[in-house]
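Participant: with the input below, show me the fold.
(2 chains)
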Protein chains: 2
Amino acid sequence: MVTIRDVAKKAGVSVATVSRVLNDNGYVGADTRKKVMKAIEELNYSPNEVARSLYKRESRLIGLLLPDITNPFFPQLARGVEDELSESGFRLLLGNSDEHVQKEMDYIQTFIQNNVVGIISATNHVDYHIYNEVKTPLVLLDRTTDNHPAVYADGREGGRLAARTLIEKGSRKITILKGPAHIKPARDRFQGAIEELSQAEVDFSVLSTTSYSFEEALGWAKELFEQFPDTDGVIASNDIVGIAAIHEALKRGKRIPEEVQIIGYDDIPQSRLSYPTLTTIRQPAYEMGREAARLLITMIRKETVTQSTIQMPVELIERDTTRKG
Amino acid sequence: MVTIRDVAKKAGVSVATVSRVLNDNGYVGADTRKKVMKAIEELNYSPNEVARSLYKRESRLIGLLLPDITNPFFPQLARGVEDELSESGFRLLLGNSDEHVQKEMDYIQTFIQNNVVGIISATNHVDYHIYNEVKTPLVLLDRTTDNHPAVYADGREGGRLAARTLIEKGSRKITILKGPAHIKPARDRFQGAIEELSQAEVDFSVLSTTSYSFEEALGWAKELFEQFPDTDGVIASNDIVGIAAIHEALKRGKRIPEEVQIIGYDDIPQSRLSYPTLTTIRQPAYEMGREAARLLITMIRKETVTQSTIQMPVELIERDTTRKG
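Facilitator: I've put the predicted structure just below:
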């Protein structure tokens, strides 16, 4: 590969001069600059980004911390972030925290050590000490606190909408599968659903779950129909759990949506391929990722941020696990 | 954050001396070394990885290039790679190529510019010029050529196994959904299936598809049953397409597996949640990711590589879209 030394030699100047041209700092005469640019062009020299990052004290790297890329909601987020960033020449350092504090701390440390120019984090632990060391712009994604720019969907409204939908379509004995307590968006949508259910004339039960894993989803679904066999409406903690509930209901010979209605959350791509197709509350995951990246880039460029907390709308997607009309 | 300057000041030595200690090059007296180490410890100094990377001409970054993280097969691969790497202190730079040559070239360039110490790539374009510039170890994942270390699953055998299964369980008019022609593993499994079908006394048809996208899968499935309405066995190009075929068959009132058997490929987590659950050929995606990372680390450490082409076994996972016994 061509190095800065080759450029200096070809242009007949010192390495320091080439560096000054590249980084546009310090005095360089017009003639010299021209010679250097010509050499760069002729050699097709592309400066080493790490070297530039040291000179200019900046890189083009962005750290992205997600809970778990194998949960189908997060690849959509990640693609949104990546597509937006790569259009502006930034690159992604990716980490999965598994919602473990220590893993998260380690990744944030790694991001800092690699001189990222910004971080996007889906974290429940932004209060931890390590985030104080983040001197670069930070955007929370799918999460909020009072103190940081954030992009998230309206979970409270999503929960309300899910509950309202089942009630309006005639469910009278509803079971909510409550998502993991330590995940804020799970709490928001749960609270929204409870608000709506409490105001309606329906019976309802809550079954607490502790993860969104495929492995465990079938277990929660089984427990649901064992503990609450006369459930005629299921508000699932997300689509994975909703698809597991469909699976278990059919296995028990229940007709969907006649005997039991089921509503999911997220609108992951798989939801339109379940049978029956899953009615759900859509979060615009890909667009959320794009928005978070856009916000971060604005902050990195020190441009004016007009809105630092962006709440994205949720939407009811009616399919075949709820009754028509 | 604590800098190398703070360490030098505290230890009463020059920055260059601290650097020599950190990078273990050049002469440093035992006493001086002790003083520096003590200062590092007391200040809890963690050296900037970019700076180290320049000094030592190495980083802890690995580039991982995947076709598309939103295809549910790839998050499993990525997690395998990440889990193995992070246990050894390496970090991931992630890129999605969408199987576009230019995007792939751009990412490889970015990896090089960020001084990655190794690259794992699921590429169909390893012959392109840019890969010549990769001076660090390179492992192909889910892909093979004759010239590079690679980790992949036995697609030919997988295709044979899929076809054999349907034939043995009684399908006589089989339709194969052929995956995208430019993706080598898709070609391998297709060829395997064709080999097996050609030797058997069954009728079969081929429907060519051009992507694995969720959006298009339902379209292929519809086309399948329109063009070949008396199909009694479907060999899907992957699980997404298999799940779409289940969906479409049920919509048309076909009983599964009595009237039509369906077999997928990959064993993505969603396959056990379809209804009926999808019989499929399992590729050990997570383990493939781990193996590729292990192989790469061995190469980075210049340890002896006993096997540079690792073929992982595929396996039939019998579920409810094929007949019993």
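Participant: drop to CA atoms for contacts and neighbour counts, all remaining ones
Facilitator: Noted.
Participant: do you have the strands of the stretch 51-200 of chain A handy? List them.
Facilitator: For the stretch 51-200 of chain A, strands defined by DSSP state E, counting those that start in this stretch occupy the ranges A:61-66, A:91-96, A:118-121, A:138-141, A:150-153, A:173-178.
Participant: now for the fifth one, which elements pack on it?
Facilitator: With contacts defined as 3 or more CA pairs under 8 Å, 6 or more residues apart in numbering or on different chains; DSSP states H and E, the packing partners of strand A:150-153 are strand A:138-141, helix A:285-300, strand A:309-312.
Participant: one more pass at 10 Å, please.
Facilitator: Counting contacts by 3 or more CA pairs under 10 Å, 6 or more residues apart in numbering or on different chains; DSSP states H and E, strand A:150-153 packs against strand A:118-121, strand A:138-141, helix A:285-300, strand A:309-312.
Participant: buried set for the third one?
Facilitator: Of all the residues in helix A:285-300, those buried under the rule 16 or more other CA atoms under 10 Å in any protein chain shown are A:285-297, A:299.
Participant: any chance of TSV for those residues, columns distance to residue B:174?
Facilitator: Formatted as TSV, the buried residues of helix A:285-300 follow (distance: CA to CA, whole Å):
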residue	distance to residue B:174
A:285	38
A:286	37
A:287	40
A:288	42
A:289	42
A:290	43
A:291	46
A:292	47
A:293	47
A:294	49
A:295	51
A:296	52
A:297	52
A:299	56
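Participant: which helices and strands sit right next to the host helix or strand of residue A:16?
Facilitator: Assessed by DSSP states H and E, residue A:16 sits inside helix A:15-23. Counting contacts by 3+ CA pairs under 10 Å, 6+ apart, helix A:15-23 packs against helix A:4-11, helix A:30-43, helix A:49-56.
Participant: pLDDT (mean, whole number) over that helix?
Facilitator: Across helix A:15-23, the average pLDDT comes to 79.
Participant: and the nearest residue to residue A:4 once chain neighbours are set aside, what does it touch?
Facilitator: Computed as CA to CA, 6 or more residues apart in numbering or on different chains, the closest residue to residue A:4 that is not its neighbour in sequence is residue A:15, at 6.5 Å. By CA atoms under 10 Å, 6 or more residues apart in numbering or on different chains, the residues touching residue A:15 are A:3, A:4, A:5, A:6, A:7, A:8, A:9, A:21.
Participant: thinking again about what came up before, please identify the buried residues of the helix holding residue A:16?
Facilitator: A:15, A:17, A:18, A:19, A:20, A:21, A:22.
Participant: any idea how far the first one is from residue A:9?
Facilitator: So the one you mean is residue A:15. Going from residue A:15 to residue A:9 by CA to CA, to the nearest Å gives 8 Å.
Participant: quick one, domains of chain A?
Facilitator: According to automatic domain parsing, chain A comprises the domains A:4-56, A:61-153+A:286-313, A:155-282.
Participant: can you flag the weakest of those domains by average pLDDT?
Facilitator: domain A:4-56 (a mean of 76).
Participant: tell me the gap between that domain and the middle of its chain.
Facilitator: Using CA atoms, centre = their mean, to the nearest Å, the distance from the centre of domain A:4-56 to the centre of the chain it belongs to is 39 Å.
Participant: which residue does the stretch 101-250 of chain A have closest to chain B?
Facilitator: residue A:113 (4.8 Å; CA to the nearest CA).
Participant: isn't that residue right up against residue B:46?
Facilitator: Yes - using CA atoms under 10 Å, residue A:113 is in contact with residue B:46, at 8.1 Å.
Participant: now distance to chain B too, for the buried residues of helix A:285-300, in TSV please.
Facilitator: What follows is these, written out as TSV (distance: CA to the nearest CA, whole Å):
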residue	distance to chain B
A:285	12
A:286	10
A:287	14
A:288	15
A:289	13
A:290	15
A:291	18
A:292	18
A:293	15
A:294	18
A:295	21
A:296	18
A:297	18
A:299	21
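Participant: residues from the stretch 201-325 of chain A in reach of chain B?
Facilitator: Counting by CA under 10 Å from any CA of the partner chain, the stretch 201-325 of chain A comes close to chain B at A:213-215, A:217-218, A:240-248, A:250-251, A:269-270, A:272-277.
Participant: dump the residue contacts of residue A:152.
Facilitator: A:122, A:140-144, A:185, A:283-285, A:288-289, A:291-292, A:309-313.
Participant: before we move on, what about residue A:117?
Facilitator: Neighbours of residue A:117 in contact, by CA under 10 Å, 6+ apart: A:53, A:57-63, A:90, A:111, A:134-138, A:296-297, A:299-300.
Participant: turn the buried ones among those into a named ChimeraX selection, would you?
Facilitator: Burial among these is assessed by 16+ other CA under 10 Å; the matching ChimeraX selection reads:
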select /A:53,58,59,60,61,62,63,90,111,134,136,137,138,296,297,299
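Participant: who are the neighbours in contact with residue A:232?
Facilitator: So residue A:232 contacts A:166, A:170-175, A:204, A:254, A:256-262 (CA under 10 Å, 6+ apart).
Participant: from the residues you listed, which single one is nearest residue A:37?
Facilitator: Minimum distance to residue A:37 across the contacts of residue A:232 is 63.9 Å, recorded for residue A:262 (CA to CA).
Participant: tell me which element that closest one is part of?
Facilitator: Residue A:262 belongs to strand A:261-266, assigned by DSSP H and E.
Participant: just checking, what packs against that strand?
Facilitator: helix A:155-168, strand A:173-178, strand A:233-235, helix A:239-251, strand A:279-282, strand A:315-317.
Participant: buried deepest among the ones you listed, which one?
Facilitator: strand A:233-235 (a mean of 28; mean count of other CA atoms under 10 Å in any protein chain shown).
Participant: which residues touch that strand?
Facilitator: Here strand A:233-235 has contacts from A:159, A:162-163, A:165-167, A:169-178, A:190, A:193, A:204-206, A:221, A:224-225, A:241-242, A:245-246, A:256-257, A:259-265, A:280, A:321-322, using CA under 10 Å, 6+ apart.
Participant: where's the residue nearest to residue A:4 relative to chain B, distance?
Facilitator: 16 Å (CA to the nearest CA, to the nearest Å).
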